[in-house]
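Asks: Sequence below, structure please.
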Amino acid sequence: MSWVLALAGFSALILLHEFGHFAAAKAVGMRVERFSLFFPPHILKRKSGETEYALGTIPIGGYVKISGMSPAENLPDDVRDRAYHAQPVWKRMVVIAAGPAMNFVLALLLIIFFFTSFGPRDLGVAALQKGFPAVGTLRQGDVLVAVDGHRGNDRQLASRIAAHRCAHLPPTPGCRAAHPARILIRRAGHLRAVTLTPIYDPKTKRMRVGFQYGDTGPRHPVSFGKAASEGFSAFGRVTGKIVQLPLYLLNAQQRKQLTGPIGTYEYTRQAFLTDAGDAISVLALVSLSLGVLNLFPFLPLDGGHIFWAIVEKVRRRPVPLSVMERAGVVGFALILGLYVIGFSNDISRLSGQGFRVR
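Replies: Below is the predicted model of the structure:
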């Protein structure tokens, strides 16, 4: 059942994104030739008016075909006035931006619903790693309250621990920090203060005490205002991570962190196995990521079309087709590179370490 729910969730995100393009194009008078959920080959087609509605067999996206998306496209005389490239720049930008905008709106609504109806769990110890100081002191299920007197999320607390430095430099494998980390935990309802001296982990190249973060205990719903604030904070975090994706191609360690469509789908499926709250939060994250990723200024992504529309507005004349084609090749190569790496990582995880929702 989780497979069906995950596929339905993905389909809804894609459908909403493409519907944004579709509705905006219709609203400004463009001719929409096809609205397709998933990529061809198509298994279902139905025409209503001037638009063909189709269902593809490759569930990694969808598309809306608008007449005249390419300046070189030959169109009948009665269609040219409604072609994409015959419209003013502002209309084209509205149509292209409408897709990501729908994803942003949906993500914000899902995040608000998640925090007001379910809420986050406490941050706790999910697992201990042998050979590290946490073993024997921390227990699975301990709730993490603060590190060195500072509270925060898993990233902030991990950074506090990593901020400790080896007693000597440069760090060597297993070297101990000059000062211990003061960790405040809650166990069985009681607060306890423990001290752990981080050691240098050569695999992650960070100071660690040796435990994995995870959610534990009951959920804690929050107010609408707090939920909305969390939504905008998530937008900032996701945007910051996604804009660094092209740099991942240059770093071997970061390349291993990339996730492709299979991995994203599997994370979503596992979230549905956990509970409705996790499923909603993961779908919100995927919707937000889909919106941000599509705004990359590379053709054929939405952001690429917006970028070249702005260039045309600044130049006050259309961009030469040859320039657009070269830009499209570069953009497609970059996107394909990220996709291949993500897909390769997905296969490795499926056949090796597996996936884990955190």
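Asks: List the contacts of the residue nearest in space to the middle of the chain.
Replies: For the chain, the residue nearest the mean C-alpha position is Ser289 (3.1 Å; C-alpha atoms, centre = their mean). By C-beta atoms under 8 Å, 6 or more residues apart in numbering, Ser289 lies in contact with Val238, Ile242. All C-beta spots, glycine's among them, are computed from the backbone N, C-alpha and C.
Asks: What's the separation between it and Val319?
Replies: Ser289 sits 29 Å away from Val319, going by C-beta to C-beta, to the nearest Å.
Asks: about what we covered before: which element is the residue nearest to the centre of the chain on?
Replies: Assigned by DSSP states H and E, Ser289 belongs to helix 276-293.
Asks: could you give the mean pLDDT of that helix?
Replies: Rounded to a whole number, the mean pLDDT of helix 276-293 is 91.
Asks: packing partners for the helix or strand following that helix?
Replies: Using DSSP H and E, the helix or strand that directly follows helix 276-293 along the chain is helix 302-315. For helix 302-315, the packing partners by 3 or more C-beta pairs under 8 Å, 6 or more residues apart in numbering; DSSP states H and E come out as helix 89-117, helix 321-351.
Asks: what's the residue of the chain positioned farthest from its centre sitting at in phi/psi?
Replies: What lies farthest from the middle of the chain is Asp77; by C-alpha atoms, centre = their mean that is 42.3 Å. In terms of degrees, to the nearest 10, the main-chain angles of Asp77 are phi -60, psi -40.
Asks: quick revisit: to Ser233, which of the helices and strands packed on helix 302-315 lies closest?
Replies: Ser233 lies closest to helix 89-117 among those, at 9.3 Å (C-beta to C-beta).
Asks: Run through the neighbouring helices and strands of the closest one.
Replies: Using 3+ C-beta pairs under 8 Å, 6+ apart: helix 89-117 touches helix 2-27, helix 224-242, helix 276-293, helix 302-315.
Asks: Rebuild the helices and strands packed on helix 302-315 as CSV, extending it with mean pLDDT and distance to Lys130.
Replies: Converted to CSV, those look like this (pLDDT from 0 to 100; distance: least, C-beta to C-beta, whole Å):
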stretch, mean pLDDT, distance to Lys130
helix 89-117, 95, 35
helix 321-351, 84, 22
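Asks: Quick one: closest of those to Gly131.
Replies: Of all these, helix 321-351 comes closest under C-beta to C-beta, at 23.7 Å.
Asks: Tell me the buried residues in the closest one?
Replies: Residues of helix 321-351 classed as buried by neighbour count (16 or more other C-beta atoms under 10 Å): 324, 327-328, 331, 334-335, 338, 341-343, 345-346, 349.
Asks: related to what we said a few turns ago, ranking the helices and strands packed on helix 89-117 by mean pLDDT, which is last?
Replies: When these are compared by mean pLDDT, helix 224-242 comes last with a mean of 85.
Asks: ok, and the closest non-adjacent residue to Asn103?
Replies: Excluding the flanking residues, the one nearest Asn103 by C-beta to C-beta, 6 or more residues apart in numbering is Gly291, at 3.4 Å.
Asks: Kindly provide the distance from that neighbour to Gly174.
Replies: 43 Å.
Asks: So between the two, which is more surrounded?
Replies: Neighbour totals were compared for Gly291 and Gly174, and Gly291 leads with 27 against 12 (other C-beta atoms under 10 Å).
Asks: wait, what's in contact with that one?
Replies: Gly291 makes contact with His17, Gly99, Pro100, Ala101, Met102, Asn103, Phe104, Ala107, according to C-beta under 8 Å, 6+ apart.
Asks: And the buried ones among those residues, selectable in ChimeraX?
Replies: A single ChimeraX command selects the buried members of the contacts of Gly291 (16+ other C-beta under 10 Å):
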select :17,99,100,101,102,103,104,107
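Asks: which pair in the contacts of Gly291 spans the largest distance?
Replies: When C-beta to C-beta is used, the two most widely separated members of the contacts of Gly291 are Gly99 and Ala107, lying 13.1 Å apart.
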